[in-house]
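A.B. asks: Sharing a model that was predicted from the sequence below.
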Amino acid sequence: MRISRAGILIVISLSVLVGASCASYNRIIARKNLVDGAKAYKDKKFKEAEDLFRLAVERDPKGETEEGRTAQLFLARTIHSQFVANRGFTFSESEFLGEYRLGLAKKIKAQKDPLSQFLNSQLSPETLPVFDEFMSMSPSSSDMEGNKKKDDLLKKFLSALTTDLNKVLMGPSIYDEARFANVKLSDFTKNLMATNPTGEANTRLNRLLLEDAYPDDISKKPKAEDAIEGYKKVLETKIDDNASFKAVANLYENLGKNEEWLGWVNARADNPNVPPEQRAEALTSLAARNYSCANEISDTPAVKKESGGAYQFVKPESPEEFEKLKKCTEDGMNQIDRALKLNDEAKVESDSTWSYKANLLVQKMRIADMEGRAADRDALKKEAQAAKEKFTELAAEKKRKQDEEEARKKAEAEAANK
């Protein structure tokens, strides 16, 4: 059947209208999810907020609309907040799910699979009898004394179960091929297990193994890595979102992932698409680490000798330590000088950058003293003092502006209340 040109135009027009309507509908629903999610977040109902923000993200996973980008940011912040609020990997009683929070307990008691059998064997002799006593009680709603006894037994059992299972978490890895033969492990769990974790990381692995095995009975612990991926998606569409960059850096620090932190901050500092003042801030963070590295060597009793009310600095006994001191100082100075140039380009001044400039000049002064270069030591001392004065001036101006802003907000609040 032939279709006329006019007919084709009508079909195309209808398709465009339907597509536009669908896009508009998605944006409207996403906005509603954002509003509802924000309210849940404000009320500290973080899981509810997370679910609502995820729904909003699903409407625009590529972040092509303002709603999609906002949803991705809010989702990352919500996961981040949940991680910060509960960083440990052991269980709390509130994390058990099911009626009376007994879903996991019933499976452990039934011992229908190898893992449940193992967990049953790890419970203390006093734990399961309390569970049995609780399950045998069926007081009516009018039996206040019976209900109170049942509530007390439930609290006692959940407390005992939590204690027993946390001992399991903090013990050796619970993974055994036969024990987990019928458990579908997440890629995240598999990847962590491949690193042969120890200490707290092993506790985390044990927790993840149980979460994978009992998905309906244990509340999943929010992952910092999920928040990191969320913030990175935000930065894909908004490279100048410095708060998201800092959040990722902070999470890497919390996780103890030093190499990842260094790679992340160095990439920010070297990215020409990032605003210069933000690159300068990243460089200052790197310089701060190098300053700490240097100061940990130069500010020790073995190196910092008091003489006549002043300090004289001598080389560390270890030549390797001295080379490390020089390298950290040199790298830090290079980073600070780059930061200052970028701030000049952006026509901004940072008190923090000048503070580390002064501190690193002090490290250079100490190295000169160690090497017997008195003239260089004295010249560097003057440079350090000048940098310190610049920092003091900028810090004072910054505080003055902050005080003015606080006074303005206070005046506005007082005027609004009249």
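C.D. replies: Right, received. Where do you want to start?
A.B. asks: so what's Glu67 closest to, chain neighbours aside?
C.D. replies: Ala30 (4.0 Å; Cβ to Cβ, 6 or more residues apart in numbering). All C-beta atoms are positioned from the backbone trio N, CA, C, and that covers glycine.
A.B. asks: so how many other residues sit close to Asn191?
C.D. replies: 11 (other Cβ atoms under 10 Å).
A.B. asks: rewinding a little: correct me if wrong: the residue nearest to Glu67 contacts Asp60.
C.D. replies: Yes: using Cβ atoms under 8 Å, Ala30 is in contact with Asp60, at 6.4 Å.
A.B. asks: Quick check: neighbours shared by the two?
C.D. replies: Glu67, Gly68, Ala71 (Cβ atoms under 8 Å, 6 or more residues apart in numbering).
A.B. asks: from the middle of its chain, how far away would whatever helix or strand the second one lives in be?
C.D. replies: Under the criterion DSSP states H and E, the helix or strand holding Gly68 is helix 66-85. Distance of helix 66-85 from its chain centroid, counting by Cα atoms, centre = their mean, to the nearest Å, is 11 Å.
A.B. asks: so which strand or helix has the residue nearest to Glu67?
C.D. replies: Ala30 belongs to helix 5-42, assigned by DSSP H and E.
A.B. asks: do Ile336 as well
C.D. replies: Element membership of Ile336, judged by DSSP H and E, is helix 319-346.
A.B. asks: buried ones in that helix?
C.D. replies: For helix 319-346, the neighbour count (16 or more other Cβ atoms under 10 Å) marks 321-322, 324-326, 328-333, 335-336, 338-340, 342-343 as buried.
A.B. asks: circling back: want to try a markdown table for the shared contacts of Ala30 and Asp60, with neighbour count as columns?
C.D. replies: Shown next, in a markdown table, are these (neighbours: other Cβ atoms under 10 Å):
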| residue | neighbour count |
| --- | --- |
| Glu67 | 22 |
| Gly68 | 22 |
| Ala71 | 29 |
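A.B. asks: Tell me where this structure is predicted with low confidence.
C.D. replies: 1-22, 138-146 (pLDDT under 70).
A.B. asks: which stretches of it form strands?
C.D. replies: Applying DSSP state E to the chain gives strands spanning 304-307, 310-313.
A.B. asks: surely Met170 meets Thr203?
C.D. replies: Yes: if you go by Cβ under 8 Å, Met170 and Thr203 touch, sitting 5.3 Å apart.
A.B. asks: So between these two, which is more surrounded?
C.D. replies: A count of neighbours by other Cβ under 10 Å puts Thr203 above the other of Met170 and Thr203, at 20 against 15.
A.B. asks: Please, where are all the helices along the stretch 51-200 of the chain?
C.D. replies: Per DSSP state H, counting those that start in this stretch, the stretch 51-200 of the chain carries helices over the ranges 66-85, 103-110, 114-122, 127-136, 144-169, 187-194, 200-213.
A.B. asks: residues making contact with the first one?
C.D. replies: Applying Cβ under 8 Å, 6+ apart, the set of residues contacting helix 66-85 from outside is 27, 30-31, 33-34, 37-38, 41, 46-47, 49-50, 53-54, 56-57, 59-63, 222-224, 226-227, 230-231, 233-234, 237-238, 241, 244, 247, 251, 254.
A.B. asks: C-alpha coordinates for that helix, CSV please?
C.D. replies: C-alpha atoms of helix 66-85 as CSV (Å, rounded to 0.1, in the frame of the first residue of the first chain):
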residue,chain,number,x,y,z
GLU,A,66,18.4,19.1,34.5
GLU,A,67,16.1,16.7,36.4
GLY,A,68,18.3,13.7,35.4
ARG,A,69,21.5,15.5,36.5
THR,A,70,20.0,16.6,39.8
ALA,A,71,18.6,13.1,40.5
GLN,A,72,22.1,11.6,39.9
LEU,A,73,23.6,14.1,42.3
PHE,A,74,21.0,13.6,45.0
LEU,A,75,21.3,9.8,44.7
ALA,A,76,25.1,10.0,45.2
ARG,A,77,24.7,12.3,48.2
THR,A,78,22.0,10.0,49.8
ILE,A,79,24.2,6.9,49.5
HIS,A,80,27.1,8.9,50.8
SER,A,81,25.1,10.1,53.8
GLN,A,82,24.0,6.5,54.6
PHE,A,83,27.7,5.3,54.4
VAL,A,84,28.9,8.1,56.7
ALA,A,85,26.1,7.4,59.2
